[in-house]
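Peer 1: Sequence and predicted structure below; questions after.
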Amino acid sequence: MPDGSTISPKTVPHDASVANTGQAWQPHQDFNQQYRQWLLGNEVDEASPYVEKTILQALDRLKQSESGASQLLPRVPTVLLNVLKSLRDTNVSANELAQQIFKDTLLVGELLHEVNGAYFNLSSRVSSLDSAIQLLGLNGLRMLIARTAFRPIIQMQSGKLAKELAPRIWAHSEKNSLACQLLAKHKNLDPFHAFLTGLLYDVGLIVAFRLVDQTGVTDTLPSSTAFQDIFFNLTPHLSIQVGRKWEFPEPVLQAILENTTEATSDQNSALGNCLRQAEQIARLRLLMDHGVITTTDGLALLEGDSVLSECLQQLQQTSS
């Protein structure tokens, strides 16, 4: 990992079909409904029009606010938030980031715990932040910081619905961010911007579930397909709101905006297409891992694309 630009020691083989196209791969079989059923599990039930209307109106009000979404997230320590904001500065050095991190001994411990986990798949245990910087490089350190910041934001929930669904949302977030980073290198995109895009994408979803808990009108999500279609399409806008509050790079926010029903694929930037592709790969990996889709059927959906197949394989090898 000499350049610090990748999380896993393996690399994805080059494939011109992915690297040189502006269009994102889309599976010929739509498995999004299967993914939604897996994500929600037993946390759905029939609901009255009043319940549906109450939730959607609350979501719309939140969407129109400037900072309401970020206020529904667990508090982020000031030091970590400052470090997170500094990640947008392409001129910041690893030493400058380290100096900020050293101000918080708890954060140092969390970073070391994270870097020694299965996700980063290092060959030897890291016992100091200096060693982590040497092994990961600047981009790897930035990804480590971002991942350490986002895990509690998504996982530390108190409401019934958000708490039950948080582990599955995080599972998708970590696979989505890694898939974004891996595919970005084949599209000549900034791998860290892609990684941030994948992490930020699901934040709005956890915000939305917390809001449902706070309405007090239900402790499950209404099962109506029409309701869920509107609900899930609103959540990326909440992710964008949080990202803007935290001063994330504009290309990251734009890529997420492009992955809503208001946008069409021919309007997408390269990063927007990368997110669309990675998000589908992450969903497919989770469905395969949990036996919803067989390995044979899952690989068939990739239509023989070697880059996508290798990416899918690396997502299997990476877990929290």
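Peer 2: Okay, I see it.

Peer 1: where along the stretch 51-200 of the chain do the helices fall?
Peer 2: If DSSP state H, counting those that start in this stretch is used as the criterion, the helices of the stretch 51-200 of the chain fall at 68-71, 78-86, 94-101, 105-115, 129-155, 160-186, 191-200.

Peer 1: got CSV for those helices, with mean pLDDT and mean neighbour count too?
Peer 2: For the C-beta atoms, the positions are set from N, CA and C on the backbone; glycine is no exception. Shown next, in CSV, are those (pLDDT from 0 to 100; neighbours: other CB atoms under 10 Å):
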stretch, mean pLDDT, mean neighbour count
helix 68-71, 82, 19
helix 78-86, 70, 17
helix 94-101, 78, 16
helix 105-115, 77, 16
helix 129-155, 79, 21
helix 160-186, 94, 23
helix 191-200, 92, 27
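
Peer 1: could the ones you listed go into CSV alongside distance to residue 57?
Peer 2: Output for the helices of the stretch 51-200 of the chain, formatted as CSV (distance: least, CB to CB, whole Å):
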stretch, distance to residue 57
helix 68-71, 13
helix 78-86, 30
helix 94-101, 41
helix 105-115, 38
helix 129-155, 25
helix 160-186, 18
helix 191-200, 25
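
Peer 1: Would you mind telling me which of those is nearest residue 306?
Peer 2: Closest approach to residue 306 among those is made by helix 160-186 (10.6 Å; CB to CB).

Peer 1: just checking, what packs against the closest one?
Peer 2: Judged by 3 or more CB pairs under 8 Å, 6 or more residues apart in numbering; DSSP states H and E, helix 160-186 is in contact with helix 16-19, helix 32-40, helix 129-155, helix 191-200, helix 203-215, helix 270-289, helix 306-317.

Peer 1: what distance separates it from the centre of its chain?
Peer 2: 4 Å (CA atoms, centre = their mean, to the nearest Å).

Peer 1: what angle do that helix and helix 306-317 make?
Peer 2: 140 degrees (axes from the mean of the first three to the mean of the last three CA atoms, to 10 degrees).

Peer 1: Now do helix 160-186 against helix 129-155: the angle between them, please.
Peer 2: Angle between the axes of helix 160-186 and helix 129-155 is 130 degrees (criterion: the same axes, to 10 degrees).

Peer 1: got the angle for helix 160-186 vs helix 270-289?
Peer 2: Orientation of helix 160-186 against helix 270-289 (the same axes, to 10 degrees) gives an angle of 120 degrees.

Peer 1: okay, the angle between helix 160-186 and helix 203-215?
Peer 2: 170 degrees.

Peer 1: Just to check, residue 253 is in contact with residue 240?
Peer 2: Yes - assessed by CB atoms under 8 Å, residue 253 is found in contact with residue 240 at 4.9 Å.

Peer 1: These two: which has the busier surroundings?
Peer 2: Each of residue 253 and residue 240 has its neighbours counted (other CB atoms under 10 Å); residue 240 has more, 24 against 20.

Peer 1: Now distance to residue 245 too, for the helices and strands packed on helix 160-186, in JSON lines please.
Peer 2: Output for the helices and strands packed on helix 160-186, formatted as JSON lines (distance: least, CB to CB, whole Å):
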{"stretch": "helix 16-19", "distance to residue 245": "33"}
{"stretch": "helix 32-40", "distance to residue 245": "25"}
{"stretch": "helix 129-155", "distance to residue 245": "12"}
{"stretch": "helix 191-200", "distance to residue 245": "11"}
{"stretch": "helix 203-215", "distance to residue 245": "11"}
{"stretch": "helix 270-289", "distance to residue 245": "20"}
{"stretch": "helix 306-317", "distance to residue 245": "29"}
